[in-house]
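Student: next input, structure requested:
(one chain, ligands or ions: 1)
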Amino acid sequence: MGQITDTYILNNGYHIPCIGFGTWQSPDGETTVSAVRSAVRAGYRHIDTAAAYKNETSIGKALKLIDIPRTELFITSKVWDDSRGYGKTIQSFQKTLDDLQTDYLDLYLIHWPATKYRCPDWEAVNLDTWRAMTELYRKGYIKAMGVSNFLPEHLEALMRTEIIPMVNQIEYHPGQMQEEVVDYCKQNGILIEAWSPLGTGRMLSDQRLQDIASNYGKSAAQLCIRWCLQNGVLPLPKSVTPSRIMENADVFGFDISDEDMAEINSMPYFGGLGLHPNTR
Ligand code: A2P
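Tutor: So this is what the prediction gives:
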């Protein structure tokens, strides 16, 4: 990847810009409107939100204010836990479209799987949600479909349907690489997106990462983002601070060496959210 508009190609042939602008924990209102505008000015063309983030209205406002054609933007949203199942997914999707003031999404994800620990018919619920998304996809309302926070045990049922997921968005940062999930997805042609690639900021005070980053004249944040790309993962760094938004987009024109990649890849868990679908 040589620039922020370079793309990964999903398993249905659709292109997805290689860095997404994360908006989890960006509050509804002027902060998010202005953050999205800063991101687009800094070159981001891919914006990641979710019904549960409660900021889709602000993102919709920002999209109206920027001077970029909709077709040059890539917008992702997600259906929340209380809207699982066929009918509620369709309803929730319509609200997402209305709030974002758009008539299609580039990518729509199931935010968290229903699991056997909380839902006796978890597999049927996930399949019903997936059926709704498949219909939206067939009708052209979504250009790609996928999941978030799914383990292989949750993905298996979807792999037997007519359309397999194109994306699995998981927590991914140094020390939290979820190898089993990543290997399963890579073997099945599912792109991994990294939520909280900076460990919600917790990676940035780590001395080892700072030292490696300084060898390249980069910050620990830039190192984490570049490290995702070099592992074939799509990072979604979040910030509401214009200087950081620009910094996080400036991750091209240098390569982390194989040795440094191996060192970061071997770091044991040292912080982050560590949310797990079966125990959260
Ligand atoms: P803020 O939004 O106030 O700028 P993650 O993407 O892993 O969830 O991390 C998001 C957190 O990291 C936010 O608290 C964000 O703060 C902070 N952050 C994002 N980019 C940078 C950066 N380049 N330097 C320092 N902190 C950053």
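
Student: quick one, strands of the stretch 1-150 of the chain?
Tutor: For the stretch 1-150 of the chain, the strands defined by DSSP state E, counting those that start in this stretch occupy 7-9, 15-17, 21-22, 46-48, 74-79, 107-110, 145-148.

Student: Gln230 and Asp255 touch, don't they?
Tutor: Yes - using C-beta atoms under 8 Å, Gln230 is in contact with Asp255, at 7.2 Å. For every residue, glycine as well, the C-beta is placed using N, CA and C.

Student: neighbour count for those two, which is higher?
Tutor: Set Gln230 next to Asp255 and count neighbours by other C-beta atoms under 10 Å: Gln230 wins out with 16 against 12.

Student: output the strands of the stretch 1-150 of the chain as JSON lines; include the columns mean pLDDT.
Tutor: Output for the strands of the stretch 1-150 of the chain, formatted as JSON lines (pLDDT from 0 to 100):
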{"stretch": "strand 7-9", "mean pLDDT": "98"}
{"stretch": "strand 15-17", "mean pLDDT": "98"}
{"stretch": "strand 21-22", "mean pLDDT": "98"}
{"stretch": "strand 46-48", "mean pLDDT": "98"}
{"stretch": "strand 74-79", "mean pLDDT": "98"}
{"stretch": "strand 107-110", "mean pLDDT": "98"}
{"stretch": "strand 145-148", "mean pLDDT": "98"}
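
Student: the ones you listed: which one's closest to the ligand?
Tutor: Distance to the ligand, taken as C-beta to the nearest ligand atom, is lowest for strand 21-22 among these, at 4.9 Å.

Student: does the ligand sit close to the closest one?
Tutor: Yes - contact of strand 21-22 with the ligand (C-beta under 6 Å from any ligand atom) involves Gly22.
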